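> The amino acid sequence is not available; the structure is as follows:
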DNA sequence: CAAACTTACTGAACAGTGTTTAGTAAACCA
DNA sequence: TGGTTTACTAAACACTGTTCAGTAAGTTTG
């Protein structure tokens, strides 16, 4: 069935074409401000065509989000390679925050926008790749706890606490809530560094 | 000029009428899903009338946001009354998180939605009441540092670190990112408590 | 008091959105 | 070659935020 194979391949390619354009445009202009019509125009198809590949705009976002997690996971695997679990934890923290600050709009899609979680909540749908990222952190944390390198004893409490801290830093920056704290633009990176440093110092056993 | 006074009063009343309806509706259905038309219908005026009192939808949101901060500030002033600064800090943390979890949609408007910050950034416009809330926390933190009750030495680093932690907890909950961490609904409050507790324990000098 | 002016409000329109549907033309299969 | 499936689109639907000409009161003035 060569034809059926090719058709399936073409279908995947088309989906990819749509998603790539969508991701680029979401990143450039944000999710809300990117219209289906604009995406369609970019790839030179009619708006209705997109609906043959994605149920609705949220469904498209969900795919873009998964792509973002794939990128983050790859960064973790490539750069958080220290043998010592606690050092690896430090690497993870930096990678996470850097990712968020360098790609604020993708971070937005992944961790702030509510929309894609609708799909995650319904049916047996998974938080694609998101869970893999979370698992990477949890594994490192468990190693830290076993080696008694951090004060936490419960992995989940540790994971949530650290994630909250990092997400707080990134999202307050991404959503511009930090500018109000009469800090100058130039001081912010330093304060962020200090925050991460002091946090890691504090949880160290 | 009795008539001019009355007119001004009526103008303020009308603005209040719009804002109250808007706030209720934003809370019930969220900002994005509440249309100007729907607000107008609720208060039995034409949509165009709203534009006589607010420049645009963001401007309206900005007012609602300020209202939210007024509420939070009042909670701080009423309930964070412990004489001991570190104890007061603990009270602040609980009040903040409870506020966020009890009023997720107002919290959303105040700390997550990007829109109102556009207005804050432009011109000399202030982050109305938001800064007062931040100042309340900063004052308490300074007292903690003076009394050497916390490990931080820089007030801003301390403020940002604590705020990040608390905002992280609330927003990961509000935006449903915590549900993915294979925790049951029932376990979450406990983990949140533990997170706050352990964080406070760690920053204690 | 009547005329002129001001104010508060609205109906209707504009330009945009996500999404659906009926219809078409090409590709495929028998 | 004829029938069927597939891929796609034009046009419409029901919404959105926002603007503007027009109206009908309220207020001020001659």
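Right, received. Where do you want to start? Everything numeric here is computed off the predicted structure, so don't read it as measured data.
> Chain A: helices as residue ranges?
Per DSSP state H, chain A carries helices over the ranges A:2-29, A:36-42, A:47-53, A:57-79, A:85-102, A:104-107, A:115-121, A:130-146, A:155-174, A:187-203.
> Stretch A:18-28 and DNA strand C, are they touching?
No. If you take Cβ under 7 Å from any atom of the strand as the test, stretch A:18-28 misses DNA strand C, and the best it gets is 10.2 Å. Glycine gets a C-beta too; all of them are placed from N, C-alpha and C.
> circling back to that earlier point, tell me the most buried of the helices of chain A?
Of all these, helix A:155-174 has the most neighbours on average by mean count of other Cβ atoms under 10 Å in any protein chain shown, namely a mean of 23.
> what pLDDT, on average, does it get?
Across helix A:155-174, pLDDT averages out at 87.
> now do stretch A:76-87
For stretch A:76-87, mean pLDDT is 96.
> end-to-end on it?
The first residue of stretch A:76-87 is 13 Å away from its last residue (Cα to Cα, to the nearest Å).
> does chain B sit close to it?
No. Applying Cβ under 8 Å from any Cβ of the partner chain, one finds stretch A:76-87 out of contact with chain B, separated by at least 15.0 Å.
> Quick one: distance of that stretch to the chain centre.
On the basis of Cα atoms, centre = their mean, to the nearest Å, stretch A:76-87 sits 19 Å off its chain's mean C-alpha point.
> residues making contact with it?
Residues outside stretch A:76-87 that contact it (Cβ atoms under 8 Å, 6 or more residues apart in numbering or on different chains): A:88, A:90-92, A:95, A:133, A:136, A:140-141, A:143-144, A:147, A:149-150, A:204.
> for DNA strand C, what are the nearby residues on chain A?
Residues of chain A lying close to DNA strand C by Cβ under 7 Å from any atom of the strand are A:1, A:3-4, A:6-7, A:34-38, A:47-48, A:51, A:56-58.
> near DNA strand D too, which of those residues?
A:7, A:47, A:48.
> from the residues you listed, which single one is nearest chain B?
Nearest to chain B out of these is residue A:47 (Cβ to the nearest Cβ; 20.6 Å).
> Please name the nearest non-neighbouring residue to the closest one.
Spatially, and ignoring its direct neighbours in sequence, residue A:47 is nearest to residue A:40 (4.2 Å; Cβ to Cβ, 6 or more residues apart in numbering or on different chains).
> domains in chain A, as residue ranges please.
Domain assignment of chain A by automatic domain parsing yields the ranges A:1-54, A:57-203.
> Show me how far the shortest one is from its chain's centre.
If I follow you right, that is domain A:1-54. So, by Cα atoms, centre = their mean, the centroid of domain A:1-54 is 21 Å from its chain's centroid.
> Could you check how far residue A:39 is from residue A:107?
With distances taken as Cβ to Cβ, to the nearest Å, residue A:39 is found 21 Å from residue A:107.
> Show me the shaky parts of chain A.
Residue ranges of chain A with pLDDT under 70: A:1, A:3, A:114-126, A:179-182.
> what residues does it put near DNA strand D?
So far as Cβ under 7 Å from any atom of the strand goes, chain A lies against DNA strand D at A:7, A:10, A:11, A:14, A:44, A:45, A:46, A:47, A:48, A:49, A:52.
> Turn these into a markdown table, including distance to residue A:69.
Shown next, in a markdown table, are the residues of chain A next to DNA strand D (distance: Cβ to Cβ, whole Å):
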| residue | distance to residue A:69 |
| --- | --- |
| A:7 | 29 |
| A:10 | 26 |
| A:11 | 23 |
| A:14 | 22 |
| A:44 | 29 |
| A:45 | 27 |
| A:46 | 30 |
| A:47 | 27 |
| A:48 | 29 |
| A:49 | 26 |
| A:52 | 25 |
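> Farthest pair within those?
The distance between the two most remote of the residues of chain A next to DNA strand D (Cβ to Cβ) is 22.7 Å, for A:7 and A:47.
> Give me the residues contacting stretch A:31-40.
In contact with stretch A:31-40 (Cβ under 8 Å, 6+ apart) are residues A:18, A:21-22, A:25-26, A:28, A:46-47, A:49-50, A:57, A:61, A:108-109, A:113, A:115, B:32.
> Could you list which residues are in contact with the residue nearest to the spatial centre of chain A?
In chain A, the residue lying closest to the centroid (Cα atoms, centre = their mean) is residue A:110, at 4.2 Å. Shown in contact with residue A:110 (Cβ under 8 Å, 6+ apart): A:65, A:68, A:69, A:72, A:130.
> would you list these in CSV and tack on distance to chain B?
Shown next, in CSV, are these (distance: Cβ to the nearest Cβ, whole Å):
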residue, distance to chain B
A:65, 11
A:68, 13
A:69, 11
A:72, 14
A:130, 6
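> what's the farthest-apart pair in those residues?
Once Cβ to Cβ is applied, these give A:65 and A:72 as the farthest pair, at 10.7 Å.
> how close does residue A:51 sit to chain B?
21 Å (Cβ to the nearest Cβ, to the nearest Å).
> same thing with residue A:201?
To chain B, residue A:201 is 8 Å away according to Cβ to the nearest Cβ.
> do the same with residue A:104
Taking Cβ to the nearest Cβ as the measure, residue A:104 falls 10 Å from chain B.
> So that residue sits against residue A:176, correct?
No. Proximity of residue A:104 to residue A:176 does not meet the contact threshold set by Cβ atoms under 8 Å, at 9.9 Å.
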